[in-house]
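> sequence and predicted structure are below.
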Amino acid sequence: MDVLIISLITGGVGLILGIAGILAFRMSESSWSSASLHSDDELPEGIAEVLAVLPSAAIVIDAGDDVTKASPAAYTFGLVRGHVLAAPQLREAVGRVRVRGLIEEIDFETQRGSDEKSRRYLHARVAPLAEAYVLVLCDDHTESHRINAVRRDFVANVSHELKTPIGAISLMAEAVTDFSDDPDAVQRFGGKLQKESARLAQLVQEIINLSRVQDNEQLESTTRVELDDVVQEAVDRARTNADAKGIELSVSGSPGAAVQGSFDLLVNAVRNLIDNAVNYSNSGTSVGIGVESTDGDASIVVTDHGIGISAEDTERIFERFYRVDPARSRNTGGTGLGLSIVKHIVATHGGRIDVWSRPGEGSTFTIALPAAPADNVRHLKPPENTPSDGTAAEGRERKA
């Protein structure tokens, strides 16, 4: 009996030791497997040096899908968090590359938070590297995506804008033909035909002007330009339209301000601002144009007492084809490109344009440009007939 008990105890101890041995072996095997996947071995020779000079965001992933190396750009784009790939599209692509052993390219988007401005459009190239690693290279295509979107919108807008006058011209021409034996009808439709033709010509010309100022981001050559001369020329060109509406153009400000740039482009910018002020003002009001020199800047201020612009519209008025009042623009022949042209001309000259406006109170546009060196500025006496009604100063007070 005692022998039987001793045998049972001995067998139980042996069984326990056997189970413990099996568990220890399996734990050792699991630990070895994990160590093999997340190896601390260095990357293949020369890879680290190559990654350091690549312009793309570079990420190296080991067999356990841990990030072993990542460039600063990869963290900036939000692709890596700690030692893990943050983008699910990349994780899926890495898995497919491991299985197939083939290079794969994908386009995907990332965004941090709810801010739409943080959205990035990325292009990734995923490839096997050595035996256990996968290499991910990412390029930021956000800017090219934005440019392509702007180009598509521009083409769509141009097509829409051209369609209106071209369709009207076609209808007017058909009406003239149908009523060829009615002199009054021919005269009426002929006048409308001329108006639509002029509108089409203006639109085409402004598209050409916009293309020119966009292509020439840096002026090929500059000359010293007196802002008094710029304002006077712009006012002379806009006076016919202002007189037709009974709007007074009043010039004031300190003479002698000068900048380096293109006289013709600056006249074009100021003329556009004056035309806008006239078109969006009521008969019997005035438009003030002033020249100022402050803190190294030379400024041209255009102030009107027109319909004004809401805060929402103020943020978009420099977009191509954007109109505050589409119905009024059609009546005045506006194309929606004038302020976009002004913005590009000012940017080309290294300046900025600001706008202050309130609905029903009018608007003030200020073009600020780097002033020419003071030692070259000529001092002019103010013209005797220059009004001193403080229109520009009034605009500044309203803006403040």
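Nice, I can see it. Numbering: from 1, shown residues only.

> show the average pLDDT along the helix or strand containing residue 139.
Applying DSSP states H and E as the criterion places residue 139 in strand 133-140. Averaged over strand 133-140, pLDDT sits at 91.

> other SSEs contacting that strand?
strand 57-61, helix 72-76, helix 88-100, strand 120-129 (3 or more C-beta pairs under 8 Å, 6 or more residues apart in numbering; DSSP states H and E). Glycine gets a C-beta too; all of them are placed from N, C-alpha and C.

> right, so these: which one is the most enclosed?
Among the helices and strands packed on strand 133-140, ranked by average contacts under mean count of other C-beta atoms under 10 Å, first place goes to strand 57-61 (a mean of 24).

> just checking, next helix/strand downstream of it?
Following strand 57-61 in sequence, per DSSP H and E, is strand 67-70.

> partner strands of that next one, with direction?
strand 57-61 (antiparallel) (DSSP bridges).

> can you state the direction angle for the strand it pairs with and helix 88-100?
If you take axes from the mean of the first three to the mean of the last three C-alpha atoms, to 10 degrees, strand 57-61 sits at 50 degrees to helix 88-100.

> what about dumping the CA coordinates of strand 57-61 to CSV?
Provided in CSV are the C-alpha atoms of strand 57-61 (Å, rounded to 0.1, in the frame of the first residue of the first chain):
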residue,chain,number,x,y,z
ALA,A,57,9.1,61.4,-46.3
ALA,A,58,10.8,58.0,-45.6
ILE,A,59,9.6,55.2,-43.3
VAL,A,60,11.2,51.8,-42.7
ILE,A,61,9.0,49.0,-41.2
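
> can you list the residues that contact it?
For strand 57-61, contacts defined as C-beta atoms under 8 Å, 6 or more residues apart in numbering pick out 43, 47, 51, 67-71, 73-74, 76-77, 79-80, 85, 90, 94, 129, 133-140.

> you'd agree residue 310 is up against residue 359?
Yes: here residue 310 reaches residue 359: they are 5.6 Å apart, a contact under C-beta atoms under 8 Å.

> so where's the stretch 101-250 of the chain uncertain?
Where the stretch 101-250 of the chain drops to pLDDT under 70, the residues are 113-117, 150, 153-154, 156-158, 160-161, 164, 206, 209, 212-221.

> can you map out the helices along it?
Using DSSP state H, counting those that start in this stretch, the helices assigned to the stretch 101-250 of the chain run over residues 142-178, 183-215, 227-245.

> surely residue 317 meets residue 355?
Yes: the pair residue 317 and residue 355 qualifies as a contact (C-beta under 8 Å) at a distance of 7.0 Å.

> overlap in contacts, the two.
residue 309.

> the more surrounded of those two?
Remark: of residue 317 and residue 355, residue 317 carries more neighbours, 21 against 17, as counted by other C-beta atoms under 10 Å.

> quick check, the more buried one in a strand?
No: looking at residue 317 with DSSP: H, G, I helix; E, B strand; the rest coil, it is coil, so not inside a strand.

> separation between it and residue 83?
48 Å (C-beta to C-beta, to the nearest Å).

> quick check on residue 78: phi, psi?
For residue 78, the backbone dihedrals (degrees, to the nearest 10) come out as phi 80, psi 20.

> that one contacts residue 112, correct?
Yes: judged on C-beta under 8 Å, residue 78 makes contact with residue 112 at a distance of 5.6 Å.

> ok so, going back, buried ones among the contacts of strand 57-61?
43, 47, 51, 67-71, 73-74, 77, 79-80, 85, 90, 94, 129, 133-140 (16 or more other C-beta atoms under 10 Å).

> which one, of the helices and strands packed on strand 133-140, ends up nearest to residue 370?
helix 72-76 (32.8 Å; C-beta to C-beta).
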